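[1] Fold the following, please.
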Amino acid sequence: MRIAILGAGSWGTALGILLARQGHEVRLWARTAARAQALHRERRHPRFPQTRFPDGLSVSHDPTLTEDAHLIFLAIPTQHIRETFRVHRFPLAAPLVNTAKGIERGTLLRVSELLREIAAIEPEHYAVLSGPSHAEEVVAGLPTAVVVASQSPELARWVQRVMSSSAFRVYTSSDVVGVELGGALKNVIAIAAGIVDGLGLGHNAKAALITRGLAEIQRLGWALGADPKTFAGLSGLGDLVVTCTSPYSRNRSVGERLACGERLEQILSTMSMVAEGIPTTEAAYALSQRTGVEMPITTQMHAVLFTGKAPQQALTELLLREAKAEYWWYQTGSMP
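    Numbering: from 1, shown residues only. Now for the predicted structure:
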């Protein structure tokens with residue numbers, strides 16, 4: 001198959017390596033001509049210097065590389081999708097598989113909603129891929145399991161067949177809303193998990209944070225039309241656990257550095273990759289206000305990131321909240 005991947009960052013490149021190893025002809029689109037030329041010349045990505053690109057992987061800055069593709073993957077950070085599509089006119093005749101994890105700041109659109117608005121991508125031609133899948137481990141060939149969701153069962157099964165290998169297992173789902181929200185919102189909780197690590201609060205506190213973070217993700221997901229069971233799967237619990245615990249997690253690292261006294265501006269100035277959890281925290285907080293869904297961890301992370309609240313104070317206020325029954329909102333069948 002001919003496969004186009006939009007975005008030559010670590011995840012787009014990892015997908016390209018994965019698919020080229022399986023014998024597909026993969027064309028990787030880079031944001032600038034200079035970037036494309038460097039990757040084409042070196043045949044390696046700076047994030048994976050020990051891994052040479054397979055022969056079936058090529059790199060280009062030409063947006064027409066999607067023109068005759070059988071399948072298109074989107075690996076551009078969520079906050080840059082709108083501008084990228086405005087500047088570059090990609091031919092989009094083939095089905096599109098989104099791998100970006102986030103909610104657009106300001107509009108509060110999920111990626112499927114954003115693509116429908118800016119590129120007229122219809123639901124039956126759209127799928128979303130998510131799950132615990134750090135690029136470094138995918139490139140290394142370590143076992144990974146993900147989920148692909150689409151309103152078209154045929155498209156989901158097709159992507160599953162195209163991507164599956166002995167080291168990369170793909171499950172299918174029809175819950176696009178749940179898979180998109182799980183992939184986005186876990187980054188907010190990962191920032192809080194990094195704060196727990198930075199403050200040295202221990203494994204018990206981190207496990208509690210992950211569990212209660214999952215509960216508020218489920219609450220918002222339910223309010224927005226997702227199936228709560230989706231969040232117990234790979235795009236929910238699976239991705240949440242790995243993002244909150246892995247040393248590869250950029251969002252967890254942001255929280256840890258905040259807890260150690262660094263300012264957000266300083267952290268961002270030294271990061272070479274995007275931490276999607278920062279703009280997603282802003283969007284998730286706005287969605288909680290719009291829907292009336294209680295999201296205490298998200299609320300505190302919003303205060304830490306955007307109003308200067310001290311991380312220690314934020315976690316202390318979480319612990320001092322009124323005690324409640326676990327999952328009281330779900331047992332009653334009504335949203336808070």
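
[2] any low-confidence regions in this protein?
    In the predicted model of the chain, residues 272, 274, 327-336 satisfy pLDDT under 70.

[3] One more pass at 90, please.
    By pLDDT under 90, the weakly predicted segments of the chain are 268-277, 315, 319-336.

[4] which one is Cys260 nearest to, not counting chain neighbours?
    Leaving aside its sequence neighbours, Cys260 sits nearest to Gly198 (CB to CB, 6 or more residues apart in numbering; 5.0 Å). (Each C-beta comes from the backbone N, C-alpha and C, glycine too.)

[5] domain parsing for this structure?
    2-174, 177-331 (automatic domain parsing).

[6] how far out from the middle of the chain is the helix or strand the residue nearest to Cys260 falls within?
    Secondary structure from DSSP states H and E places Gly198 in helix 176-199. When distances are taken as CA atoms, centre = their mean, to the nearest Å, helix 176-199 is centred 9 Å away from the chain's centroid.

[7] and stretch 87-97, how far apart are its ends?
    20 Å (CA to CA, to the nearest Å).

[8] now what about it, what contacts it?
    Applying CB atoms under 8 Å, 6 or more residues apart in numbering, the contact partners of stretch 87-97 are 4, 6, 29, 63-64, 66-67, 69-74, 115, 119, 121, 125-129, 148, 155, 158-159.

[9] Return the distance of it from the chain's centre.
    Centre-to-centre, stretch 87-97 and its host chain are 20 Å apart (CA atoms, centre = their mean).

[10] Check stretch 6-19 too.
    14 Å.

[11] what do you get for stretch 266-275?
    17 Å.

[12] Now it - C-alpha only, PDB.
    Output of stretch 266-275 as PDB, limited to C-alpha atoms (Å, rounded to 0.1, in the frame of the first residue of the first chain):
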ATOM      1  CA  GLN A 266      11.300  28.300  31.400                       C
ATOM      2  CA  ILE A 267      10.200  24.700  30.900                       C
ATOM      3  CA  LEU A 268       8.700  25.400  27.500                       C
ATOM      4  CA  SER A 269      11.700  27.300  26.300                       C
ATOM      5  CA  THR A 270      13.900  24.200  26.800                       C
ATOM      6  CA  MET A 271      11.500  21.600  25.300                       C
ATOM      7  CA  SER A 272      12.100  20.400  21.800                       C
ATOM      8  CA  MET A 273       8.700  18.600  21.500                       C
ATOM      9  CA  VAL A 274       5.100  19.600  22.200                       C
ATOM     10  CA  ALA A 275       3.500  18.900  25.600                       C
END
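
[13] got the domains of the chain as CSV, with mean neighbour count columns?
    Below are the domains of the chain laid out as CSV (neighbours: other CB atoms under 10 Å):
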stretch, mean neighbour count
domain 2-174, 19
domain 177-331, 19
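
[14] Now do the contacts for the closest residue to Arg21 other than its chain neighbours.
    Among residues not flanking Arg21 along the chain, Pro54 sits closest, at 5.4 Å (CB to CB, 6+ apart). Contact analysis of Pro54 by CB under 8 Å, 6+ apart lists Ile17, Ala20, Arg21.

[15] quick one: the last one and Val196, what's the gap?
    Spelled out, that is Arg21. According to CB to CB, to the nearest Å, Arg21 stands 37 Å off from Val196.

[16] How about the first one?
    Plainly put, Ile17 is 33 Å away from Val196 if you go by CB to CB.

[17] for the most centrally placed residue in the chain, helix, strand, or coil?
    The centroid of the chain falls nearest to Lys101 when counting by CA atoms, centre = their mean (2.5 Å). Classification of Lys101 using DSSP: H, G, I helix; E, B strand; the rest coil returns coil.

[18] That one contacts Val179, correct?
    No. Using CB atoms under 8 Å, Lys101 is not in contact with Val179; the gap is 9.8 Å.

[19] Could you pull out the residues contacting both of these two?
    Contacts common to Lys101 and Val179, judged by CB under 8 Å, 6+ apart, are Ser130.

[20] OK, contacts around Gly277?
    Per CB under 8 Å, 6+ apart, neighbours of Gly277: Asn187, Val188, Ala190, Ile191, Arg250, Asn251, Val254.

[21] Any figure for the gap between the second one and Phe90?
    Relative to Phe90, Val188 is positioned 30 Å away (criterion: CB to CB).

[22] residues in contact with Tyr227?
    That one is not Tyr; residue 227 is Asp. By CB under 8 Å, 6+ apart, the residues touching Asp227 are Asp175, Gly178, Gly221.

[23] surely the second one meets Asp239?
    No. Look at Gly178 against Asp239 with CB under 8 Å: they stay out of range, at 11.8 Å.

[24] could you pull out the helices for the stretch 101-250 of the chain?
    111-119, 135-139, 153-163, 176-199, 202-223, 239-245, 250-259 (DSSP state H, counting those that start in this stretch).

[25] want to try a markdown table for the ones you listed, with distance to Glu42 as columns?
    Output for the helices of the stretch 101-250 of the chain, formatted as a markdown table (distance: least, CB to CB, whole Å):
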| stretch | distance to Glu42 |
| --- | --- |
| helix 111-119 | 30 |
| helix 135-139 | 15 |
| helix 153-163 | 26 |
| helix 176-199 | 30 |
| helix 202-223 | 38 |
| helix 239-245 | 29 |
| helix 250-259 | 23 |
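
[26] Since that was my last question, I'll sign off now.
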